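In: below is the sequence, then the predicted model.
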Amino acid sequence: MDFTNKVALITGAGGGIGRATTLGFARGGAKVLVVDANADNGQATADLVSQSGGTARFVQADVTKSSSVQAYVKACLDSYGRIDCFFNNAGIVGTIAATKDYDEDMFDQVIAVNLKGVFLGLRHVLPVMLAQGSGTVVNTASVAGLFGGAGQPAYVASKHGVLGLTKVASTECAAQGVRINAVCPGPVETAMMRDVESQRNHNDPASVRAAYSATMPSGRYSLPEEVADVVLYLCSDVSRNVTGTHIVIDGGRSGAGGGITR
């Protein structure tokens, strides 16, 4: 999967899956625009690319604000002249609580980042790709977009919405040479899952990890790099007629008859 002379734009690139994907694109020869709300984490990712001999620039952004999204798109075009690959990845887990008790402000925040942020990314990146006549987008959904998950009404709703946006946008853009897909990770070795484990059982988060892992035929969480590899596949010419779909990365849990929220 060769990304020489390609430009990749990645949101939520300050850690976890976003950082792993950034490094994967850079190893493949792409120039990368790193976007994150956290300036320290985002710059650290860009520095890792530079230290390995790649090309990257960091831009801090709030993906829930149209002006901020427009700014990171402009920064990418000003720096590199085009956008070939867009990993629309920024997301938060929010709090874990029953629907009847869920805080309204927290619900709005999760939907704003996970769903509106994905929409705004599509809204402002797709015109660039359509004008080019080419481009690939991968949205980060989750197995939570396929199944329910007790205590996560906002997160589950947002990820179902991401899959809906993926399906709509892909049908609108396929004839113009732009492909749009989604990835649906299960539990991944990231700070987000550490947060989930702690919220599920503050006194014994390791027991939550063990319980989740036991439900997966693989017996373990996915690594960020394993999700990144699927993103790279979907952005590469190897998948040149794949659009409007999603790929699950969850160690076989979904195939075994159920799902767990990421």
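Out: Yes, it's here.
In: show me where this protein dips below the pLDDT cut-off.
Out: Scanning the chain for pLDDT under 70 picks out 257-262.
In: geometric centre of it: which residue is closest?
Out: Centrality entry for the chain: nearest residue to the mean C-alpha point is N89, 2.4 Å, by Cα atoms, centre = their mean.
In: contact partners for that residue?
Out: By Cβ atoms under 8 Å, 6 or more residues apart in numbering, the contact list for N89 reads I10, T11, G12, A13, I17, G18, T21, V138, N139, T140. In short, each C-beta sits where N, CA and C put it, glycine included.
In: what's the closest of these to P224?
Out: For the contacts of N89, the residue nearest P224 by Cβ to Cβ is I17; the value is 4.8 Å.
In: right, and that closest one touches P224 too?
Out: Yes - using Cβ atoms under 8 Å, I17 is in contact with P224, at 4.8 Å.
In: neighbour count winner among these two?
Out: More neighbours surround I17 than the other of I17 and P224, with 31 against 21 (other Cβ atoms under 10 Å).
In: please name the residues that touch the more buried one.
Out: Contacts of I17 (Cβ under 8 Å, 6+ apart): N89, T140, P185, V188, T190, P224, V227, A228, V231.
In: wait, isn't the last one in contact with T136?
Out: The reference is to V231. No - V231 lies out of contact with T136 (Cβ under 8 Å); the separation is 9.6 Å.
In: sec struct for M193, please.
Out: Under DSSP: H, G, I helix; E, B strand; the rest coil, M193 falls in the helix class.
In: circling back to that earlier point, as a markdown table, the contacts of N89 with distance to V248 and secondary structure would be great.
Out: Output for the contacts of N89, formatted as a markdown table (distance: Cβ to Cβ, whole Å; DSSP: H, G, I helix; E, B strand; the rest coil):
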| residue | distance to V248 | secondary structure |
| --- | --- | --- |
| I10 | 21 | strand |
| T11 | 21 | strand |
| G12 | 19 | coil |
| A13 | 22 | coil |
| I17 | 14 | helix |
| G18 | 19 | helix |
| T21 | 17 | helix |
| V138 | 14 | strand |
| N139 | 14 | strand |
| T140 | 13 | strand |
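In: and those, which two are the farthest apart?
Out: Counting by Cβ to Cβ, the most remote pair of these is A13 and N139, 14.6 Å apart.
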